[in-house]
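Engineer: generate coordinates for the sequence data below:
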Amino acid sequence: MEGGVYLMTLLDWYSSGVTPLFIGVFESYVICWVYGIDRFVKDIESMVGYMPWRPLQFCWKFITPNITLLILVLSFVFYSPAVYGDYKFPLWSEVFGWFTGIAPVFVILAFCVYVTSEQRGTNVWERIVMASRPADDWGPAKDGDRVFAGYSPLDSLFIQDVSIINRKEYIAVFEDTKL
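Structural biologist: This is a model prediction of the structure:
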């Protein structure tokens with residue numbers, strides 16, 4: 001009657017290591033290399049009011065994805081089957097563990113395939129490129145925030161105040177707050 005602890009060991013062993021690492025590697029590369037570090041930094045600047053520190057941007061683009069990829073590869077190189085004390089799990093439970101650990105990755109990949117298949121294009125690469133672009137309405141919801149962040153306004157009648165030079169003036173003009 002200790003099946004729960006064995007099941008928990010399997011879930012912990014297989015879903016807490018490889019899956020988050022794979023998702024982290026994928027996310028790091030997509031944000032910095034597909035979406036673009038410049039767009040990402042611009043989005044952060046529009047939210048917090050200043051541009052992130054340059055060394056931090058370098059880490060996001062080069063250090064973090066590559067170190068995470070290295071850790072992922074090493075986790076496969078130094079893989080050992082699940083154990084609970086002296087108990088070694090049978091092959092079917094290893095397969096079950098891998099399946100439960102990899103299932104979230106398959107969901108993400110299936111969604112990527114679906115979104116890519118819905119795009120227009122003459123070949124697969126064009127569809128992938130189209131699926132990788134942000135939507136036209138991507139960005140801040142308010143037109144003032146959109147213009148400040150470098151996006152075009154959603155409302156075609158929006159008139160930008162050209163006297164806005166910095167974030168504090170922007171907040172005073174568009175948010176009606178006192179500085």
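
Engineer: might you list the low-confidence residue ranges for the protein?
Structural biologist: Residue ranges of the chain with pLDDT under 70: 1-2, 158-179.

Engineer: what's the nearest residue to V5 if we skip its chain neighbours?
Structural biologist: Among residues not flanking V5 along the chain, Y84 sits closest, at 6.9 Å (Cβ to Cβ, 6 or more residues apart in numbering). Just so you know, the C-beta spots here come from the backbone N, C-alpha and C atoms, and that holds for glycine as well.

Engineer: list the contacts for the one you found?
Structural biologist: 5-6, 9 (Cβ atoms under 8 Å, 6 or more residues apart in numbering).

Engineer: for these, pick the one with the most neighbours.
Structural biologist: Neighbour counts for those (other Cβ atoms under 10 Å) peak at T9, which has 18 neighbours.

Engineer: pretty sure that one contacts A82?
Structural biologist: Yes: under the criterion of Cβ atoms under 8 Å, T9 makes contact with A82 at 6.1 Å.

Engineer: now the nearest residue to G17 once chain neighbours are set aside: how far from I31?
Structural biologist: Excluding the flanking residues, the one nearest G17 by Cβ to Cβ, 6+ apart is S75, at 5.7 Å. For S75, the distance to I31 (Cβ to Cβ, to the nearest Å) stands at 22 Å.

Engineer: repeat for V115
Structural biologist: 16 Å.

Engineer: neighbour count winner among the two?
Structural biologist: Using other Cβ under 10 Å as the criterion, V115 and I31 rank with I31 on top: 17 against 14.

Engineer: correct me if wrong: that one contacts F40.
Structural biologist: Yes: using Cβ under 8 Å, I31 is in contact with F40, at 5.7 Å.

Engineer: give me the common contacts of these two.
Structural biologist: W60.

Engineer: got the CA positions of stretch 151-158 in CSV?
Structural biologist: This file holds the C-alpha atoms of stretch 151-158, laid out as CSV (Å, rounded to 0.1, in the frame of the first residue of the first chain):
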residue,chain,number,x,y,z
TYR,A,151,4.3,50.3,-31.8
SER,A,152,1.7,51.8,-34.1
PRO,A,153,-1.6,52.8,-32.4
LEU,A,154,-4.6,50.5,-32.7
ASP,A,155,-6.9,53.5,-33.1
SER,A,156,-6.3,55.1,-36.5
LEU,A,157,-7.6,58.5,-35.1
PHE,A,158,-5.0,58.5,-32.3
